[in-house]
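In: Sequence and predicted structure are below.
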Amino acid sequence: GAVVSQHPSRVICKSGTSVKIECRSLDFQATTMFWYRQFPKQSLMLMATSNEGSKATYEQGVEKDKFLINHASLTLSTLTVTSAHPEDSSFYICSAETSDSSYEQYFGPGTRLTVT
Amino acid sequence: TQLLEQSPQFLSIQEGENLTVYCNSSSVFSSLQWYRQEPGEGPVLLVTVVTGGEVKKLKRLTFQFGDARKDSSLHITAAQTGDTGLYLCAGAGGSEKLVFGKGTKLTVNP
């Protein structure tokens, strides 16, 4: 149980275009999902907390107009990187929190974004 | 700001050796999770510890939560090459957001 999928796993896009990444909880409902960014050989950096049916909460320094998050259902959250630039190239990982109070997060397999 | 310090940052050992990874903080956490991440993949949850002093075993892995719930350790007995990966500890401080340590990159050589 507690499986989270991400799509796509890898994407290459040109500078100035937008890219949408999907995060799905496959066998459980997640009222809260999280989006992280991870640079090579570094730990995870939380970008935003996504709550179903409400606006996402962004961490300090994360541009909400650049990283659009939509959590339209209890099993799907999307992250759209708008007007992507090479510096946005990174490994983006989502996680979903189970509905109990353990604060356990289950992670997706990640999406490698390369902006050329 | 809650911080989790992990040590060592890098660890390279031979197959069959034992090792311990530490996760320390000056803050109290309501729970602490350990994850293992392999290159190009998302972290996989190994264990959650909740009670101060709690010890959990997962085959050759032993996890301990400090009595004051400020620190934790992960001990691996007779390491195998399949244990290679990035080990991350993450603490929950009462909110839904997890605080992650910087990770310990473990390499087990054959």
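Out: That came through, no problem. Numbering: from 1, shown residues only, chains lettered A, B, ... in the order given.

In: buried set for the helix or strand hosting B:Cys23?
Out: Counting by DSSP states H and E, the element that carries B:Cys23 is strand B:19-24. Buried residues in strand B:19-24, counted by 16 or more other Cβ atoms under 10 Å in any protein chain shown: B:Leu19, B:Val21, B:Tyr22, B:Cys23, B:Asn24. All C-beta atoms are positioned from the backbone trio N, CA, C, and that covers glycine.

In: tell me what it is packed against?
Out: On a contact count with 3 or more Cβ pairs under 8 Å, 6 or more residues apart in numbering or on different chains; DSSP states H and E, strand B:19-24 meets strand B:5-7, strand B:10-14, strand B:71-76, strand B:85-92, strand B:104-109.

In: can you give me the angle it makes with strand B:71-76?
Out: 170 degrees (axes from the mean of the first three to the mean of the last three Cα atoms, to 10 degrees).

In: Parallel or antiparallel, list what pairs with strand B:19-24.
Out: Using DSSP bridges, strand B:19-24 pairs in its sheet with strand B:5-7 (antiparallel), strand B:71-76 (antiparallel).

In: Quick check: which of the helices and strands packed on strand B:19-24 is buried the most?
Out: Among those, the stretch with the highest mean neighbour count (mean count of other Cβ atoms under 10 Å in any protein chain shown) is strand B:85-92, at a mean of 24.

In: strands paired with that one, and their directions?
Out: Sheet pairing of strand B:85-92 (DSSP bridges) gives strand B:31-37 (antiparallel), strand B:98-100 (antiparallel), strand B:104-109 (antiparallel).

In: Serialize those to a markdown table and add fields for mean pLDDT.
Out: Formatted as a markdown table, the strands paired with strand B:85-92 follow (pLDDT from 0 to 100):
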| stretch | mean pLDDT |
| --- | --- |
| strand B:31-37 | 94 |
| strand B:98-100 | 90 |
| strand B:104-109 | 96 |
